[in-house]
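Sequence plus predicted model, see below.
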Amino acid sequence: KMGGGERHRRRWLLAVYIAVGILVSSAWYFTRDAAGLEGEIQNPKGGMRHHIGESLDHTNAAAAPPSPLFHQVLTTGTAYLSTINVRSIESLFFVYPNCRVHLHYNKKAEVDRDHPRLKPLLDAGYNISLLPYDPAKQLRTAAKLSTRTDGLVNSTLAKNYIGLIKPKYSKEKFWYSNEANLLRLCLLYVVGGTYMDTDVILARSIDSIDNVVAGSKSKSIHCAVLRFTEPGNTYLAATIQNFMLHYNGEKWGNNG
């Protein structure tokens, strides 16, 4: 049997061992955590985070899924870029830090990369491309793709439609909206990706859904959000054909 003094000494040694263990493990944890924080940097090309000393050319890089592609249309360029427009862009990078955002703007509109609302995002290194758009060119490309694949976009109808853009359709009251509606259909059909209006905020990941069109509070669907990540979708081809067949540039929302 141990005496009271021996038991007390052993309990005291055990307490010391436990305390030392806690101190050592805590010091290791905080040192590791601090090193991790100091080692993280921003990749200026795409906002992708990696650690100092790591190679960007990982052996499994080829197996990694491509960064998500989002399309948005600025019919007026950056002249009327509002706070909600920028919040919409920011929401894409909030949910998908490594995504690609293509901002398509009317080639006749002015685009200022130093715009006070846009410049901070560009300076931060986010993957934003400013691309002038031409709906005639996009429709022509879509018709060619359809000819080789599904045949749903009639090339003669497309040629006739394109021939009327400059002399007629571009002079209509709602052409700025109609050209944007046609553009998004053609872009997703030819390139793929997700289209979002610039007043839509992305709140969480949408990886679990694809080949979808946004709904509304009424019983209709609309083109404010379209997600068709793979090009050549036959639904989009049929929608482009329908757009041309039932086009009415004098009626708001008829073609969207």
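Okay, I see it.

C-alpha only now, for contacts and for neighbours.
Fine.

can you map out the strands along the stretch 1-150 of the chain?
Here the stretch 1-150 of the chain has its strands, by DSSP state E, counting those that start in this stretch, at 40-42, 49-51, 69-74, 100-106, 128-133.

what's residue 223 sitting at in phi/psi?
The phi and psi values for residue 223, taken as degrees, to the nearest 10, are phi -110, psi 30.

Hmm, residue 253 and it touching each other?
No: contact criterion CA atoms under 8 Å: residue 223 and residue 253 do not qualify, at 10.1 Å.

And the two? Which one has more around it.
Set residue 223 next to residue 253 and count neighbours by other CA atoms under 10 Å: residue 223 wins out with 18 against 13.

now the closest residue to that one other than its chain neighbours: how far from residue 248?
Nearest non-adjacent residue to residue 223, counting by CA to CA, 6 or more residues apart in numbering: residue 256, 6.0 Å away. Here residue 256 is placed at a distance of 11 Å from residue 248 (CA to CA, to the nearest Å).

now swap in residue 221 and tell me
Counting by CA to CA, the gap from residue 221 to residue 248 is 18 Å.

Please identify which of these two sits among more neighbours.
Using other CA under 10 Å as the criterion, residue 221 and residue 248 rank with residue 248 on top: 16 against 13.

Name all residues that make contact with the more buried one.
254-255 (CA atoms under 8 Å, 6 or more residues apart in numbering).

Identify the residues contacting residue 84.
So, once contact is read as CA under 8 Å, 6+ apart, residue 84 ends up touching 198-199.

same deal with residue 113?
Listed by CA under 8 Å, 6+ apart, the contact set of residue 113 reads 119, 122.

No further questions, thank you.
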